[in-house]
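Visitor: Sharing a sequence plus its predicted fold:
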Amino acid sequence: MIGPKGENIGVISTREALRIAQEAELDLVEVAPNSDPPVCRVMDFGKFLYERTKKEREARKAQTKIEIKEIRLRPKTNEHHRSFKTRDARRWLGEGMKVRVTIRFRGREITYPELALEDLREVAEELSDIASVEQMPNMEGRVMTMLLTPLKVTKKKAETEEKAVSKESAAVKSE
C-alpha cells in the first residue's frame, strides 16, 4: 500500500487500508490489481480523474492534423489553367498540407491515360522543389490520382544552409 503522502506503507490488510484512507479523508484506489500482492494507493480519486482528463485534452491540442487538399484537372486542361492549380498546391504544400492531384476522365478520354500521366508528371516536376510524390499516379475507375507530400526541411538543416551561404558570401567579399 502507498500512503497519502506517497510513502510506501507495506503489505497490510484491507480493513487497515480502508481505515487509513478514512482517517486521511481520501479514497483507497487499487492501482495494480494483477500484481501479487495487489497495490493500493490512498488518494483523492476525483482530483486524479480531473488531472488525467486535463492531460488528455492537452495532448489532443498538441497533435498536428494533416489535411489533404485536392486539385482537380481533366486531360484537356490547358497549361495556363493548370498553372493556377499548381500555384494553389504550392501554397498548401508550403503550409504543410498534403495535396492530391486528381484527373477525371469523361467519355472517350479514358482511352488516352498517357495524356493524364504526362500532366501529373509535369505537376510533380513543377512542385519538386517543395514536394515529393508519396503515392505514384494510379487509375481507379475513371480517375487517376497522385499524392504529394511537403518536403520537411528541419530547422537545423536550414540553419546550416544559412551558415554555409554566409561563409561563401564572406569569402567572396574578402577576395
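Guide: Structure received.
Visitor: okay, now residue 44: neighbour count?
Guide: 15 (other C-beta atoms under 10 Å). For the C-beta atoms, the positions are set from N, CA and C on the backbone; glycine is no exception.
Visitor: Which strands or helices does the longest strand along the chain pack on?
Guide: Among the segments of the chain that qualify as a strand by DSSP state E, the longest is strand 131-140. Identification of packing neighbours for strand 131-140 by 3 or more C-beta pairs under 8 Å, 6 or more residues apart in numbering; DSSP states H and E yields helix 113-126, strand 143-150.
Visitor: Indicate which one of these is closest to residue 13.
Guide: strand 143-150 (60.0 Å; C-beta to C-beta).
Visitor: where does this protein have its least confident helix or strand?
Guide: Every helix and strand in the chain was compared by mean pLDDT, DSSP states H and E; the lowest is helix 155-174, with a mean of 52.
Visitor: Please identify the buried residues of the longest strand of the chain?
Guide: By neighbour count with 16 or more other C-beta atoms under 10 Å, strand 131-140 contains the buried residues 131, 133, 137.
Visitor: Need the helices and strands packed on strand 131-140 in a markdown table (columns: distance to residue 73 and mean pLDDT).
Guide: Compiled in a markdown table, these are given as follows (distance: least, C-beta to C-beta, whole Å; pLDDT from 0 to 100):
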| stretch | distance to residue 73 | mean pLDDT |
| --- | --- | --- |
| helix 113-126 | 6 | 90 |
| strand 143-150 | 9 | 92 |
